[in-house]
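[1] One predicted model, sequence on top.
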Protein chains: 2
Amino acid sequence: MESLNIGDAAKASGVTAKMIRHYEDIGLMPKVRRTMSGYRMYSAQDVHMLRFIKHSRNLGFSMKQIEALVGLWRDTRRPSSKVKALAIEHIAELDQKIRELQTMRATLNRLVHACHGDDRPDCPILDELAVDAVTTPNGDGVAGTVKKRKGKSCEHDCH
Amino acid sequence: MESLNIGDAAKASGVTAKMIRHYEDIGLMPKVRRTMSGYRMYSAQDVHMLRFIKHSRNLGFSMKQIEALVGLWRDTRRPSSKVKALAIEHIAELDQKIRELQTMRATLNRLVHACHGDDRPDCPILDELAVDAVTTPNGDGVAGTVKKRKGKSCEHDCH
DNA sequence: ATGAACCTTACCATCATGGGAAGGTCAAGC
DNA sequence: GCTTGACCTTCCCATGATGGTAAGGTTCAT
């Protein structure tokens, strides 16, 4: 069994040494064996797991979700339905987040188009931010206004 | 000049008392006057500023950006171009983030569709997460694969 | 044997927010 | 007046994922 020290495991997995130690701290990675001088030693399997974690992070899964995914991965008697459910749940989270950001973007884009952007101080952007209404994130008002327009949408041209 | 205590200012602005104090700590809000017993007193103008901050947060601006926005708001000789530039920059950030999330979503959706989601352990989702390749966030591979498909996109149906 | 390049732990920072403890204040009701 | 509950104050800690740095030990090639 050949094994890698943490730096080489980092290079081989794409996870920084810092984060590898962190995953060990929070119990996501097992405590690996050490050399006599205390250096961590990573097997090919450990590195494989690090890559699994890395891929999962790349897809935006949280640590908690990854813990569950790793559990299912190691359980050879898992029902794939459980994995699928996790993924679907995460898609819903992503959709939620995307919608929020798009709402912000739409409002901001509308304001940007209304602003002359010249040397004078008049500014519809500031006007809207200074509007005298209590708003909730994504409620009505400043962040929630998405007007239906006739004609072409200009949601995507901002300069 | 009537003034509100922090709780009423919170209700009137939509910013929690906790955050109002925090904004004072970090210098975003000025240090307001106090009653003899040390209670903070908020004027209508202070509350107005809190709402400005709240609106800005609702649009996803960072504290640093809001500091700049507040500065421009108070500067009656500001060029609106500066405000617009800030807003455009923020739109670019939002676009970046939206793209990242959409890439994740697309990959995940593809995997979800490939997974039977039954009682058996075979699972393309786990297979892909366990793939033996080092990936970067949004690079090629697990999080970066967005295949062009012929026929209808199914990027938005996940159940 | 020396120096570079690694490893170890431990602490602090980010960003915006929330929670809680310990203690002071205020107003209403008795 | 006194109690009670709802406020206020400051201070510290936690989140989630990541990065930084410092102080000290190890390994290896020159």
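    All right, it came through fine. Please read all numbers here as calculations on a predicted model, not as lab measurements.

[2] just how off-centre is the longest helix anywhere in chain A within its chain?
    Counting residues, the longest helix found in chain A (DSSP state H) is helix A:80-114. Relative to its chain's centre, helix A:80-114 lies at 11 Å (Cα atoms, centre = their mean, to the nearest Å).

[3] Next, the angle from it to helix B:80-114.
    Angle, helix A:80-114 to helix B:80-114, by axes from the mean of the first three to the mean of the last three Cα atoms, to 10 degrees: 160 degrees.

[4] and helix A:80-114 with DNA strand C, contact?
    No. Judged by Cβ under 7 Å from any atom of the strand, helix A:80-114 stays clear of DNA strand C, getting no closer than 12.6 Å. Bear in mind the C-beta positions are built from the backbone N, C-alpha and C, glycine included.

[5] tell me the average confidence for that helix?
    The average pLDDT within helix A:80-114 is 95.

[6] which strands and helices sit next to the helix or strand following that helix?
    The first helix or strand that comes after helix A:80-114 along the chain, using DSSP states H and E, is helix A:124-129. If you count contacts as 3 or more Cβ pairs under 8 Å, 6 or more residues apart in numbering or on different chains; DSSP states H and E, helix A:124-129 packs onto helix A:80-114, helix B:44-58, helix B:63-74, helix B:80-114.

[7] do the second one and DNA strand D meet?
    No. On the criterion Cβ under 7 Å from any atom of the strand, helix B:44-58 is out of touch with DNA strand D, staying 12.2 Å away.

[8] And the residue of chain A found nearest DNA strand D, how close does it get to A:His22?
    Proximity of chain A to DNA strand D (Cβ to the nearest atom of the strand) peaks at A:Met63, 2.9 Å away. Per Cβ to Cβ, to the nearest Å, A:Met63 is found 9 Å from A:His22.

[9] Look up how far DNA strand C lies from the spatially most central residue of chain A.
    Nearest to the geometric centre of chain A sits A:Gly60, at 4.1 Å (Cα atoms, centre = their mean). As judged by Cβ to the nearest atom of the strand, to the nearest Å, A:Gly60 and DNA strand C stand 17 Å apart.

[10] so what's that residue up against?
    A:90, A:93-94, B:101, B:104 (Cβ atoms under 8 Å, 6 or more residues apart in numbering or on different chains).

[11] just A:Met63 next, same as before
    A:26, A:28.

[12] And A:Leu4, by the same measure?
    A:12, A:41-42, A:47.

[13] Please apply the same query to A:Lys64.
    Applying Cβ under 8 Å, 6+ apart, no residues contact A:Lys64.

[14] Show the model's pLDDT score for it.
    93.

[15] what's the answer for A:Pro121, then?
    Reported pLDDT for A:Pro121: 96.

[16] does it really touch B:Thr76, like I thought?
    Yes. Using Cβ atoms under 8 Å, A:Pro121 is in contact with B:Thr76, at 5.8 Å.

[17] With neighbour numbers in mind, choose between those two.
    Counted by other Cβ atoms under 10 Å in any protein chain shown, A:Pro121 and B:Thr76 do not tie: A:Pro121 has more neighbours, with 16 against 7.

[18] Skipping its backbone neighbours, what lies nearest that one in space?
    B:Arg78 (5.0 Å; Cβ to Cβ, 6 or more residues apart in numbering or on different chains).
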